[in-house]
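# dropping the sequence and predicted coords here.
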Amino acid sequence: MAFERPLTIKEVINDIHRKRYLLPAIQREFVWDTEQIETLFDSLLRGYPVGAFLFWYVNKENIHKFKFYEFLRDYHERDNTHNVEADISGEEDIIAILDGQQRLTSLYVGLKGTYAYKLPRMRVDNDLAYPKRQLYLNLLRESEDYDMTYEFKFLTEKEADTQSEDTFWFKVGDILNFKETYEINDYLYENELNLADKEKAKFANKTLFKLHNAIHETLCINYYLEKSQELEKVLNIFIRVNSGGTPLSYSDLLLSIATAQWEQRDARKTITSFVDELNNIGDGFDFNKDLILKTCLVLCDFNDIAFKVDNFDSATMLLIEQAWDDISQAIRLAVQLVSSFGFNYKTLTANYVIIPIAYYLYKKTNPHNFVDSYKYIGERRDIQKFATVALLKRIFGGQPDIVLKPIREIIKKNLDSFPFEILKQDLKVTNKTLRFTEEEVEELLWTKYGNRYTFSVLALLYPHIDYKSSFHQDHIFPKSLLKSRTKLRKEGLSQETIDYCVESYDYIGNLQLIEGVPNLEKSNKKFDEWLNVICRNDEEREAYRKKHMIPDIELSLGNFEEFMTERESLIREKLLNILVG
């Protein structure tokens with residue numbers, strides 16, 4: 001290969017717009033954020049090189065052998081992150097991008113497209129949280145960022161209309177309409193940018209001319225053109241050239257190979273849409289393609305489950321494709337199950353815990369109504385214990401493959417019921433085990449409100465709560481009272497008691513799981529007063545104490561330290577029974 005004649009950005013943008021430039025299935029999706037795009041345009045105006053590109057010339061006779069996707073034009077963080085499959089007629093040759101997709105997509109979005117990301121503190125399901133933004137350039141001053149010369153920003157139309165003494169936002173895409181340089185002067189004159197402060201007028205003139213030159217005239221797109229029509233060779237080239245830059249995950253590459261090798265399905269569309277489906281279950285999760293591909297290797301009982309190109313040859317992919325319906329259903333059931341246990345994207349601290357659960361369900365041929373049927377209540381409880389303990393022991397941290405394989409072997413030999421107790425006894429891989437020591441149980445008592453593992457500890461203490469309904473992690477003695485020294489002094493407490501309350505209110509001993517509506521009604525009421533409201537008689541009071549491990553002592557605010565000591569003792573006993581005994 002040798003460098004071809006360099007291209008201008010305008011030439012490339014036009015070819016992307018005409019769909020002459022496409023993306024092969026082996027390309028990952030767009031991952032750059034607005035800051036990276038702004039930096040790229042700043043580099044262009046400063047005359048910095050933007051790197052070499054690698055294009056792949058595909059003859060029209062061979063187009064049907066591969067899958068190709070269009071460039072992303074209008075990025076939307078929630079609704080539009082996936083590339084659309086290109087409609088190839090086969091009447092013309094095409095150019096596919098092997099290296100440089102992120103940069104070229106960024107150039108297109110900056111010049112012709114839009115970028116919508118979520119505003120802070122707004123709900124994900126609120127359409128107004130994702131205003132469309134276009135790239136603008138301030139023509140009146142340099143950027144205040146130390147590593148930028150020009151001030152590029154993605155703005156809404158309303159934000160761009162807000163001008164000031166030091167700000168005039170020029171929509172970057174409008175530069176494509178300036179075919180001749182004299183049109184720049186006309187623009188500056190019409191917008192009175194040549195009549196203001198001389199230094200600012202000079203900066204505006206110089207900046208706009210530089211932008212025009214960078215887009216229309218500079219031959220800055222230097223590229224190699226690969227003309228081989230052999231997929232294996234192209235894959236090898238792709239692997240080599242994508243070893244740097246923004247890291248290309250193994251799953252991106254392996255998924256691309258799957259797309260090229262699956263016969264009946266579009267692997268890319270199938271798996272990415274499946275990931276979206278899983279992430280919308282319950283209160284939402286944060287799964288990715290890595291999890292799905294790893295689960296495929298585990299469920300199909302391949303000996304080597306590492307992310308290696310050799311493990312995704314045509315024979316492997318054929319087996320995965322043939323078993324996909326059962327594999328996807330097993331994963332779906334596993335996710336529905338952990339959701340029913342109360343887990344979500346915040347509390348599921350290791351996504352790989354899904355894989356052994358999916359393996360068990362897959363080997364049991366995905367039992368009908370497994371998530372809800374009373375028939376499987378015992379198995380569900382054992383799976384819940386496994387998931388919770390595995391998360392607390394963090395056995396999937398580091399190198400999860402070394403623990404996935406022995407777990408798989410134990411489950412394979414014990415399919416009558418989910419073998420949590422056997423796993424707890426027999427799983428011993430270096431320092432990875434499901435068994436707790438008494439010292440480790442003691443450490444769990446130091447878990448605090450807001451910790452990622454707090455829900456897992458509470459889940460062990462509340463195995464029978466209905467997690468499908470709304471529930472909250474609640475401070476038994478109200479946080480708003482215990483954290484306020486002023487309020488505690490008004491209650492007449494001693495300085496020593498106040499210090500203990502302020503230091504201890506967030507620990508597990510003062511936390512419980514409670515249904516959402518009762519928790520809202522409880523609000524900031526003192527606990528002893530709240531207990532008298534919801535418990536109409538001694539029998540109900542005793543049931544509440546037993547369910548929430550409330551010690552049979554005086555529950556006044558002044559007795560908080562004794563309450564914590566006694567309740568931690570009850571929690572310790574229960575955790576020891578579950579985790580050690």
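Ah, there it is.
# just the element for His472, please.
Following DSSP states H and E, one finds His472 within strand 471-475.
# and that strand, how far out from the chain middle?
Strand 471-475 sits 25 Å away from the centroid of its parent chain (CA atoms, centre = their mean, to the nearest Å).
# which parts of this structure are strands?
21-24, 53-58, 68-69, 74-76, 94-99, 114-116, 134-142, 150-155, 169-171, 223-226, 471-475, 511-515 (DSSP state E).
# Throw those strands into JSON lines and include mean neighbour count and mean pLDDT, thanks.
C-beta: built from backbone N, CA, C; applies to glycine. Listed next are the strands of the chain as JSON lines, based on neighbours: other CB atoms under 10 Å; pLDDT from 0 to 100:
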{"stretch": "strand 21-24", "mean neighbour count": "24", "mean pLDDT": "90"}
{"stretch": "strand 53-58", "mean neighbour count": "21", "mean pLDDT": "90"}
{"stretch": "strand 68-69", "mean neighbour count": "20", "mean pLDDT": "87"}
{"stretch": "strand 74-76", "mean neighbour count": "17", "mean pLDDT": "95"}
{"stretch": "strand 94-99", "mean neighbour count": "23", "mean pLDDT": "90"}
{"stretch": "strand 114-116", "mean neighbour count": "20", "mean pLDDT": "96"}
{"stretch": "strand 134-142", "mean neighbour count": "22", "mean pLDDT": "94"}
{"stretch": "strand 150-155", "mean neighbour count": "21", "mean pLDDT": "96"}
{"stretch": "strand 169-171", "mean neighbour count": "19", "mean pLDDT": "96"}
{"stretch": "strand 223-226", "mean neighbour count": "18", "mean pLDDT": "89"}
{"stretch": "strand 471-475", "mean neighbour count": "18", "mean pLDDT": "85"}
{"stretch": "strand 511-515", "mean neighbour count": "20", "mean pLDDT": "86"}
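# max-length helix in the chain?
helix 560-579 (DSSP state H).
# pLDDT averaged over it - what is it?
Per-residue pLDDT over helix 560-579 has a mean of 93.
# and that helix, what other elements does it pack with?
Judged by 3 or more CB pairs under 8 Å, 6 or more residues apart in numbering; DSSP states H and E, the packing partners of helix 560-579 are helix 438-444, helix 454-461, helix 495-504.
# now those in CSV, with mean pLDDT, mean neighbour count and distance to Lys432?
Shown next, in CSV, are the helices and strands packed on helix 560-579 (pLDDT from 0 to 100; neighbours: other CB atoms under 10 Å; distance: least, CB to CB, whole Å):
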stretch, mean pLDDT, mean neighbour count, distance to Lys432
helix 438-444, 93, 14, 13
helix 454-461, 92, 21, 17
helix 495-504, 94, 15, 32
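# so which of the ones you listed is nearest Asn59?
Nearest to Asn59 among the helices and strands packed on helix 560-579 is helix 454-461; the distance by CB to CB comes to 55.8 Å.
# what residues are up against Lys375?
By CB atoms under 8 Å, 6 or more residues apart in numbering, the residues touching Lys375 are Asn369.
# mind checking how far it is from Pro367?
8 Å (CB to CB, to the nearest Å).
# can you find the helix or strand of the protein with the lowest average pLDDT?
The helix or strand with the lowest mean pLDDT-type score in the chain, counting by mean pLDDT, DSSP states H and E, is helix 516-522 (a mean of 55).
# circling back to that earlier point, just checking, what packs against the strand holding His472?
helix 454-461, strand 511-515, helix 516-522.
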